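**Student:** okay, here's the prediction I keep looking at, along with the sequence it came from:
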Amino acid sequence: MPFTPEMSVKVQLFDQEHKRLIDLTESLYAALKEDKGRISVAKLLEELEHYTKSHFVNEEDLMQKYSYSGYDKQKRQHDEFISKVAELKQSYNEGNSKVPSQAFDILYAWISHHILKVDAEYGEFFNKRGIR
């Protein structure tokens, strides 16, 4: 799933971060398809956990700075996603071999719903405040 112009949230920093999330999703898919092994998948899950936390902080900080009305909804969804990723990582480390495909499904759903719908709502808000 390549990043397309329709996926843009009209904030350059967040578009770049979303591209990275899509790259991680594609890497996870490749690891599954090519059966790259536990270490490769574990590293991807670790990177995904750290990356999403960093990205969410960037979004949330800007939302708070400009009093974005959708902040609470975003924060709640971010926290839920972070919890899901942490649970997946723990489950994988405990030997659950289904985690990579579950993680891919969750990431795909996140991109399809959260980024394309929920995040898309803040583009115009930030653009009106000079953030592009």
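**Tutor:** Received the coordinates, thanks. Residues are numbered from 1 along each chain as shown.

**Student:** now the element after the helix or strand of the chain with the lowest mean pLDDT, going C-ward?
**Tutor:** Sorting the helices and strands of the chain by mean pLDDT, DSSP states H and E puts helix 99-109 at the bottom, at a mean of 89. Using DSSP states H and E, the helix or strand that follows helix 99-109 in sequence is helix 122-127.

**Student:** buried sites along the least confident helix or strand of the chain?
**Tutor:** The neighbour-count check on helix 99-109 (16 or more other C-beta atoms under 10 Å) flags 99-100, 103-104, 106-107 as buried. Quick note: C-beta positions are derived from backbone N, CA and C, even for glycine.

**Student:** distance to residue 9 for the residues you listed - can I get that in CSV?
**Tutor:** Formatted as CSV, the buried residues of helix 99-109 follow (distance: C-beta to C-beta, whole Å):
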residue, distance to residue 9
99, 28
100, 27
103, 23
104, 22
106, 20
107, 17
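
**Student:** give me the distance between residue 35 and residue 41.
**Tutor:** 10 Å (C-beta to C-beta, to the nearest Å).

**Student:** more neighbours, these two?
**Tutor:** residue 41 (21 against 9; other C-beta atoms under 10 Å).

**Student:** list the contacts of that one.
**Tutor:** Residues in contact with residue 41 (C-beta atoms under 8 Å, 6 or more residues apart in numbering) are 28, 31-32, 92, 99-100.

**Student:** tell me the one among those nearest to residue 56.
**Tutor:** residue 28 (18.6 Å; C-beta to C-beta).

**Student:** please enumerate residues in contact with the host helix or strand of the closest one?
**Tutor:** For residue 28, the element it lies in under DSSP H and E is helix 12-33. Contact partners of helix 12-33, identified using C-beta under 8 Å, 6+ apart, comprise 1-3, 7-9, 36, 40-41, 44, 47-48, 51-52, 55, 58-59, 100-101, 103-104, 107-108, 110-111, 115, 119, 132.
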